[in-house]
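Undergrad: with the sequence up front, the predicted model follows.
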Amino acid sequence: MKRFLCLIFLLLISQLSRGQAFGEIQMQKSVAEFFYSKGPIDLIKTSLDYKKTYLLNKSDLVRVNGPTSFWDHKNKFTFDLSEVSFVNWNTGGSNSISGLVGMHFKRQFLKDDLKWGNEVIVRYGVNKQEDQKLRKTDDNFEFVSTLGYRFREDSNWFYSSKLSFKSQFTHGYNYPNRDETISQFMAPGYLFVGSGAEFTSDDAKRILYLSPITMKSTFVLNQRLADEGAFGVKEAVYDVNGNMIREGEKSRVELGLLITNELTKEILENVEIFSRLSLYSDYAHNFGNVDVDWELNLNFKVNGYIKASFGSHLKYDDDVKVKIENSEGDIVEGGSKIQWKQQLGIGLVVEL
């Protein structure tokens, strides 16, 4: 009995020492409240939590993947500028400024064994020299579309069909003569449509296209140029008195073999070479005489936005005849010649 009374007495003393009366209801903390003062962590927290009391970092969240896109895209913008100015320069010189704008848009769809690539390439350049009107230095518009289906699952070869179109935006002149144009939009215009096989490396830096059946259409939608037989179309026919019997044709269609090759390679650190070569030969007209279109560019990367470039563009078409001035001062046909253009510049490049 004495032991029982002593036990009750000790319990009363312990309750009084905590400032609570005997028999008072006590609040008990849960295990979660004991370890987390803000309360237990919710199993799910969303962006709709109006209290904004996020207990998890972004890296702790499980990513939810949306719909998968099979499209890859590339947008590239370039601008090159060069300027020369003279003040009291005793050896002489002419002030000048030149600008060249380039745009390259690329879209490619790839799903399983099906591939569809589209490219738009635009370049336009002008030059202004002291005491001279504005002159065009470059003018190019090109669209290329290629549809392919893989030979087999582990192959880099595709059954392919290719369509390409090339022309220019504005009139071209044989400067300083501005009285007559020597070219304009769709004079010439070139359209290639064909089928064959294409090899594409895994990194897409090597592309080879072989087409045994390609139709090449040349358009000259300027009747004066068509009458002259410019760019290979049939010229106008005249009688002995100089009267026109038949107008020149505005188009020419050929069927032949087309081979194209693209190569992109870093030859040195921050030095990249790009080559695009096109070879075409018509079956019906002098097969084996090859039309050549070869672009070769060296790109020197300064940083993420500044680059220098050296470009070379070589063309040869047996159907394009060059006009020259003879010893008597008359303009006559000078036959087919190799055409070559080179450019050197430094400028801004933005890729998106």
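TA: The structure has been received and is ready for your questions. If you're wondering where the values come from, they're calculated on a predicted model, not measured in any experiment.
Undergrad: for the helix or strand where V193 lies, name the packing helices and strands.
TA: Counting by DSSP states H and E, the element that carries V193 is strand 189-200. Applying 3 or more CB pairs under 8 Å, 6 or more residues apart in numbering; DSSP states H and E, one finds that strand 189-200 makes contact with strand 157-167, strand 206-219, strand 251-268. Quick note: C-beta positions are derived from backbone N, CA and C, even for glycine.
Undergrad: just checking, next helix/strand downstream of the longest one?
TA: So the one you mean is strand 251-268. Counting by DSSP H and E, the next helix or strand C-terminal to strand 251-268 is strand 271-282.
Undergrad: mean confidence for that following strand?
TA: In this model, strand 271-282 carries a mean pLDDT of 97.
Undergrad: got the buried residues for that strand?
TA: Within strand 271-282, the residues that qualify as buried are E272, F274, R276, L277, S278, Y280, S281, D282, counting by 16 or more other CB atoms under 10 Å.
Undergrad: for the third one, which non-adjacent residue is closest in space?
TA: The shortest distance from R276 to any residue other than its chain neighbours is 4.6 Å, reached at E295 (CB to CB, 6 or more residues apart in numbering).
Undergrad: is the one you found in contact with S312, as I believe?
TA: Yes - contact status for E295 versus S312: in contact at 7.3 Å, counting by CB atoms under 8 Å.
Undergrad: any stretches of the stretch 251-352 of the chain with poor pLDDT?
TA: Regions of the stretch 251-352 of the chain meeting the criterion pLDDT under 70 cover residues 329-331.
Undergrad: mind doing that once more with 80?
TA: Per-residue confidence for the stretch 251-352 of the chain (pLDDT under 80) gives these ranges: 322-335.
Undergrad: ok so, going back, can you pull the alpha-carbon coordinates of the strand holding V193 into CSV?
TA: Listed next in CSV are the C-alpha coordinates belonging to strand 189-200 (Å, rounded to 0.1, in the frame of the first residue of the first chain):
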residue,chain,number,x,y,z
GLY,A,189,16.0,29.8,-113.8
TYR,A,190,17.1,26.1,-113.3
LEU,A,191,14.9,23.3,-112.2
PHE,A,192,16.2,19.7,-111.5
VAL,A,193,13.8,16.8,-110.9
GLY,A,194,15.1,13.3,-110.6
SER,A,195,15.4,10.0,-108.7
GLY,A,196,18.3,7.8,-107.6
ALA,A,197,20.2,6.9,-104.4
GLU,A,198,21.7,9.1,-101.7
PHE,A,199,24.4,8.3,-99.1
THR,A,200,24.3,10.3,-95.8
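Undergrad: buried set for it?
TA: By neighbour count on 16+ other CB under 10 Å, the buried set for strand 189-200 is G189, Y190, L191, F192, V193, G194, G196, E198, F199, T200.
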